[in-house]
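**Student:** Build the 3D model from these lines:
(chains A and B)
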Amino acid sequence: MATNYSFQIIENCLKCQHRQNRLFCQLPNDALVGLQKIKATAVYPKGALLCIEGQPPRGVFILCTGRAKLSTTSADGKTIILRIAEPGEVLGLTAVVSDSPYEASVETLEPTQANFISRADFLNFLEEHSDVGMKVAQQLTHNCKCAYDEIRSLGLSNSVPEKIAKLLLHWSERPLNVPQKRAEEITMRVTLTQEEIAQFAGTSRETVSRVLSDFKRKGWLRIKGATWCIMNKPALQNLVTT
Amino acid sequence: MNELYTSMAAEMRQKLERHEEIKTMPPGTRLLSEGIRTEHLIIIKSGSVEVSISSAGKEIPIGIARAGKVFGLRSVVAGEAPEINATTLEDCTVALIPKNRFTEVLKQHHQIYFAVAKVLSDDLSMVNDLLRRIPRTANRQASR
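**Tutor:** Residues are numbered from 1 along each chain as shown, chains lettered A, B, ... in the order given. Take a look at the predicted model:
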């Protein structure tokens, strides 16, 4: 079913063409039949809040299409972005499993389809299907790895240019499939604002702007709206020491 | 009782307890190494353990774990290498459960996945809390 957002709504997980590429969705058919019965599908515009930090855990959201940022408040009261959630991720797992408030606010970065499952239904689902248990363990392990990578990056990186270089290199792992002027160029889509990049890197928007201008001036990066092109990956890699 | 068993029914707990190998580790013993999968679940029964992460050849302590802490779940259940190092700070009594024994019991009682998920969730909460506490500076020098 098409929407005003120019993407197809995935109504039936069993017929989803992305199933095999997404961590949580690689479930056997009987589990997916069970999932179909308990999920509520909705489409959200950019900027929609799926859950708010501190709220009681109503349930989990499985991100089908689109991306979302997970943000929280630091000890000194600043908003920080923990990570960007990609399609296939289950959001709100920690809160639902531990029966504790949501640890982060989740805001969509683009038009997004998410499947909501209430806490009670999800815990029953987890109890009934061992494969779901394995997927939950894998998702939480993945989230932990991302968080530890972030600690290494933030806690041990010495400069903002290094932190931004790391972000760019991380994003370049999902390039856009477009023809390149030069083979070594990597084009990617970046929908974060400079303010959001600053929240990710633990710095100010002005510093992010200065660093990106520096990268552009050196010919390492080209930015055209949401289309960013890394033109000199080795130069960025040389900046990264941790 | 350790953090894994507290969320389990008695029957499952007893099955796992039968497979425990109790050992005493002197101070300075590396129980878990970052990047190296472990073949055991490691349950701290007494003593304290330093948890650290490695970066650029340095080990940065991030906390102290005590009795009740369970290490190795991500390796044993999800097959992933640990993100942390765990080193005893004093004489520690640990219970080791071999991976194959744990997965055997897990296959018979998949409700254990809830207890596993709870421990992993608590670990993630701890890491996110660390992230919140890392100081963020407003301005740094741009590259030259």
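**Student:** for the residue nearest the centre of chain A, which residues make a bridge with it?
**Tutor:** Centroid check for chain A by Cα atoms, centre = their mean gives residue A:85 as the closest residue, at 1.8 Å. As for beta bridges, residue A:85 partners with residue A:68 under DSSP bridges.
**Student:** so residue B:8 sits right up against residue B:115, yeah?
**Tutor:** Yes. Contact criterion Cβ atoms under 8 Å: residue B:8 and residue B:115 qualify, at 4.8 Å. Heads up, the C-betas are built off the backbone N, CA and C, glycines and all.
**Student:** if you count what's nearby, which of the two comes out ahead?
**Tutor:** More crowded of residue B:8 and residue B:115, by other Cβ atoms under 10 Å in any protein chain shown: residue B:115, with 25 against 20.
**Student:** How many neighbouring residues does the residue lying closest to that one once chain neighbours are set aside have?
**Tutor:** Nearest residue to residue B:115, sequence neighbours excluded (Cβ to Cβ, 6 or more residues apart in numbering or on different chains): residue B:7, at 3.8 Å. By the criterion of other Cβ under 10 Å, residue B:7 has 19 neighbours.
**Student:** same check, this time on residue A:176
**Tutor:** 12.
**Student:** got it, and residue A:9?
**Tutor:** Residue A:9: 14 surrounding residues under other Cβ under 10 Å.
**Student:** Could you report the separation of it from chain B?
**Tutor:** From residue A:9 across to chain B, the span is 29 Å (Cβ to the nearest Cβ, to the nearest Å).
**Student:** where's that residue relative to residue A:114, distance?
**Tutor:** Applying Cβ to Cβ, to the nearest Å, the value for residue A:9 to residue A:114 is 11 Å.
**Student:** Can you give me the pLDDT of the residue in chain A positioned nearest to chain B?
**Tutor:** Nearest residue of chain A to chain B: residue A:133, at 2.5 Å (Cβ to the nearest Cβ). For residue A:133, the pLDDT comes out at 90.
**Student:** Spatially nearest residue to it, not counting backbone neighbours?
**Tutor:** With sequence-adjacent residues excluded and distances taken as Cβ to Cβ, 6+ apart, residue A:133 is closest to residue B:113, at 2.5 Å.
**Student:** wait, doesn't that neighbour sit right on residue A:139?
**Tutor:** No. Using Cβ under 8 Å, residue B:113 is not in contact with residue A:139, being 11.9 Å away.
**Student:** Roughly how far does residue A:180 sit from residue A:216?
**Tutor:** Taken as Cβ to Cβ, the span from residue A:180 to residue A:216 is 18 Å.
**Student:** give me the low-pLDDT residue ranges for chain A?
**Tutor:** In the predicted model, chain A carries pLDDT under 70 at residues A:1-7, A:155-158, A:241-242.
**Student:** quick one, strands of chain B?
**Tutor:** B:21-25, B:30-32, B:40-46, B:49-55, B:58-65, B:70-71, B:85-88, B:92-98 (DSSP state E).
**Student:** Give me the mean pLDDT for the first one.
**Tutor:** The predicted model gives strand B:21-25 an average pLDDT of 96.
**Student:** these two touch, right, residue A:49 and residue A:112?
**Tutor:** No. Under the criterion of Cβ under 8 Å, residue A:49 makes no contact with residue A:112, lying 11.5 Å away.
**Student:** who has more neighbours, those two?
**Tutor:** More neighbours surround residue A:112 than the other of residue A:49 and residue A:112, with 26 against 12 (other Cβ under 10 Å).
**Student:** Let me know whether the more buried one touches residue A:48 as I believe.
**Tutor:** Yes. With contacts counted by Cβ under 8 Å, residue A:112 reaches residue A:48, the gap being 7.2 Å.
**Student:** For the closest residue to residue B:19 other than its chain neighbours, grab the count of nearby residues.
**Tutor:** Computed as Cβ to Cβ, 6+ apart, the closest residue to residue B:19 that is not its neighbour in sequence is residue B:101, at 3.9 Å. Using other Cβ under 10 Å, residue B:101 has 19 other residues around it.
**Student:** Using CSV, write down the CA coordinates of stretch A:221-234.
**Tutor:** Extracted C-alpha coordinates of stretch A:221-234, given in CSV (Å, rounded to 0.1, in the frame of the first residue of the first chain):
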residue,chain,number,x,y,z
LEU,A,221,34.1,16.2,1.9
ARG,A,222,31.4,17.7,-0.4
ILE,A,223,28.0,18.5,0.9
LYS,A,224,24.9,19.2,-1.1
GLY,A,225,21.8,19.3,1.1
ALA,A,226,21.3,15.9,2.5
THR,A,227,23.8,14.3,0.1
TRP,A,228,27.3,14.1,1.5
CYS,A,229,30.2,12.8,-0.5
ILE,A,230,33.4,11.6,1.1
MET,A,231,36.1,12.4,-1.4
ASN,A,232,39.2,11.4,0.6
LYS,A,233,38.5,8.5,3.0
PRO,A,234,42.1,7.9,3.8
